[in-house]
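Enquirer: Take a look and give me a structure for this.
(one chain, ligands or ions: 1)
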Amino acid sequence: MSAPTASATARYAYLGPEGTFTQMALDAWGPSEGAEQRPCGSVDAALALLRAGEVDGAMVPIENSVEGGVSATLDALASGDPLVVVAEVLVPITFVLAARPGTPLEQVRAVGTHSHAWAQVRGWMDERLPDATYVPTLSTAAAAAGLAGDGVRDEGEHAAYQAAVCAPVAARNHGLEVLAEDIGDNAAAVTRFVLVARPGRLPGRTGADKTTLVLFQRDDHAGGLLELLEQFAVRGINMSRLESRPTKASMGSYCFSVDIEGHVLDERVGEALLGLKRVCAEVRFLGSYPAAHGTAVRVTPHTTDEAFAEARSWLHSLRTT
Ligand SMILES: O=C(O)C(=O)Cc1ccccc1
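Expert: Have a look, this model is predicted:
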């Protein structure tokens, strides 16, 4: 099937409200003029709309260069009705500290934001607001909205924090004052977002592709993880992410969430999947899609499609003569 492109009539859910980094990723992914954007309060809510068929795709954060994997997304994709990643987007992140107009920095005792944003401004906070406590919110823009009193249930309800860490656009949207700009500890911080769809849209091969898998072991035994990893190693497949997540079935039971370089249509990836299928209790295929960096995967001479085809025809000749 063809690679997905943003379509004017399509409907996309995203981790909202308006002004999140996830919305920036959705805007950066495709020309969304005419396309419907549906902000959702959580990653789970966005994926539920997708599973229910109410939207055609959902943009969600999956990983960032400072804090690692976004557990809510990894877990939601590892269970429930199958979904697949059809595109990835990298967004450079710039954080501001915003407050209701007239709030001096000294009056900030608590700060609201998304857990991944907090992890990226911890150094700045330690230096400038060492006594401030952290109040987790479902997104950075939700923290800004809560501060401004926008969208709160009860008129009298006020946020339990005096400042929010959010994108400059979220501060603007809610009429907040920026107390400090560029407060991220790592200027090179990047977050990776994925566009998820219901299965049935396998993006074409580009030569610079990634495949995402969740691997469930049959049982817990010595060398179990090695057994999974060697399926990639012997076929010259590089991994770009590996995380263990609890399966939630029992204490100590983990599955492995993995990104590898290559497309399911590549022979070496197909062969690795066959190997994994034999040794795993379950292999969940979460899609093959173009890598955002666009750099072609380096393939060693003995793991090209041609090398596999040649070996297969040699075996066939042994069996048929
Ligand atoms: O809360 C947001 O704006 C998001 O899109 C999630 C997030 C939070 C922090 C860094 C990157 C993405």
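Enquirer: for the stretch 101-250 of the chain, what spans make up the strands?
Expert: Under the criterion DSSP state E, counting those that start in this stretch, the stretch 101-250 of the chain contains strands at 110-113, 133-136, 163-166, 177-180, 190-197, 209-217, 239-246.
Enquirer: Would you mind saying which of the ones you listed lies nearest A311?
Expert: strand 209-217 (21.6 Å; Cβ to Cβ). Yep, even glycine has a C-beta here, placed from its N, CA and C like the rest.
Enquirer: who's in contact with the spatially closest residue to E54 that is not a sequence neighbour?
Expert: Once flanking residues are discounted, E54 sits nearest to R11: 7.3 Å by Cβ to Cβ, 6 or more residues apart in numbering. By Cβ atoms under 8 Å, 6 or more residues apart in numbering, the contact list for R11 reads A35, E36, Q37, R38, E54, V55, D56, G57.
Enquirer: just the buried members of these?
Expert: Among those, the ones that count as buried by 16 or more other Cβ atoms under 10 Å are A35, Q37, R38, V55, D56, G57.
Enquirer: can you point me to the longest strand in this protein?
Expert: strand 280-290 (DSSP state E).
Enquirer: got the residues of the stretch 151-300 of the chain near the ligand?
Expert: The stretch 151-300 of the chain comes close to the ligand at residues T191, as judged by Cβ under 6 Å from any ligand atom.
Enquirer: so where's the stretch 1-150 of the chain uncertain?
Expert: Scanning the stretch 1-150 of the chain with the threshold set as pLDDT under 70 gives 1-8, 31-33.
Enquirer: Show me the two of the buried ones among the contacts of R11 that sit farthest apart.
Expert: Farthest pair in the buried ones among the contacts of R11, by Cβ to Cβ: Q37 and D56, 11.6 Å.
Enquirer: list the residues that contact both of those two?
Expert: Joint contacts of Q37 and D56 (Cβ under 8 Å, 6+ apart) are R11, Y12.
Enquirer: quick one, phi psi at A46?
Expert: When quoted as degrees, to the nearest 10, the phi and psi of A46 stand at phi -70, psi -40.
Enquirer: show me the contacts for it.
Expert: By Cβ under 8 Å, 6+ apart, the neighbours of A46 are A13, Y14, L15, R38, C40, V55, A58, M59, V60.
Enquirer: since we're on the closest residue to the ligand within the stretch 101-250 of the chain, how many residues are nearby?
Expert: For the stretch 101-250 of the chain and the ligand, the shortest gap (Cβ to the nearest ligand atom) falls at S139, measuring 3.3 Å. For S139, the count of nearby residues is 30 (other Cβ atoms under 10 Å).
Enquirer: surely S65 meets T191?
Expert: Yes: under the criterion of Cβ atoms under 8 Å, S65 makes contact with T191 at 7.5 Å.
Enquirer: Give me the more crowded residue out of the two.
Expert: T191 (24 against 15).
Enquirer: residues in contact with that one?
Expert: F21, A25, P61, E63, N64, S65, L90, V91, I93, H116.
Enquirer: ditto for A170
Expert: E18, G19, T20, A98, T140, A141, A144, A145, A164, L176.
Enquirer: Among those residues, which ones are in helices?
Expert: Among the contacts of A170, the residues falling in helices (DSSP state H) are T140, A141, A144, A145.
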